[in-house]
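J.: This is a predicted model, with the sequence first.
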Amino acid sequence: MENSSVYRNHPTIKNILLLDSEGKRIAVKYFSDDWPTNSARSAFEKSLFNKTQKTNAQSEAEIVTFDNNIVIYKFVQDLHFFVTGGDNENELILVSVLQGFLDAVSLLLRFCGQNNVEKIEALENLDLILLCLDEITDGGMILETDGSIIAGKVVTHTMEEGMPLAEQTISQALATAHEHLMKSLLR
């Protein structure tokens, strides 16, 4: 699914990757035909992980050019977050996508009672992380980069799907807080 003319003037991304500290997949989403097969995608992930694993991308996001792509990445605990864009994409926009994804995942895991953003918590809440990916992009076109808005939309989806009552209370509180925040920002 190569970027069509509709997306030419709109920033797009080629993939979003969430890998563990060994380079294994936790959640990935591809939006480009640059990696047409699962084995090509796995090879890209392994090569990218090997290139970036020795860097210190814990305090700030790092930028690297890799296989004619711009890759923005950041490590949190034992999770490695990556966003890949074409070599002509704006790095600041790619950084905002990465930060929005990281913030949304952090918020959602915290609201699910997890204190840390770690692999085990990410795997236990994989459905929420996959929903985050869907809220951030549509076919590679960037829809949202604000982590709190992304998390709010994910919470709304899970409430509609019939969460247990105890979890709905937290979700409803988050949704209400999100609504109040949005109203205050729009004033």
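T.: Cool, the structure landed.
J.: where in this protein is pLDDT low?
T.: The model of the chain has pLDDT under 70 over residues 1-8, 112-115, 157-185, 187.
J.: tell me the strands in it, going along the chain?
T.: 15-20, 25-30, 62-66, 69-76, 79-86, 137-138, 141-142 (DSSP state E).
J.: With respect to residue 129, which of those strands lies nearest?
T.: The closest of the strands of the chain to residue 129 is strand 25-30. By C-beta to C-beta, the value is 4.7 Å. Where C-beta positions appear, they are placed from N, C-alpha and C, glycine not excepted.
J.: so what's residue 46 up against?
T.: Each residue near residue 46 by C-beta atoms under 8 Å, 6 or more residues apart in numbering is listed here: residue 23.
J.: Could you do residue 137 as well?
T.: Contacts for residue 137 (C-beta under 8 Å, 6+ apart) come out as 13, 16, 29, 31, 97, 143.
J.: sorry, back to before: now the strands of the chain in a markdown table, please, with extra columns for distance to residue 39.
T.: Shown next, in a markdown table, are the strands of the chain (distance: least, C-beta to C-beta, whole Å):
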| stretch | distance to residue 39 |
| --- | --- |
| strand 15-20 | 15 |
| strand 25-30 | 13 |
| strand 62-66 | 18 |
| strand 69-76 | 18 |
| strand 79-86 | 18 |
| strand 137-138 | 23 |
| strand 141-142 | 26 |
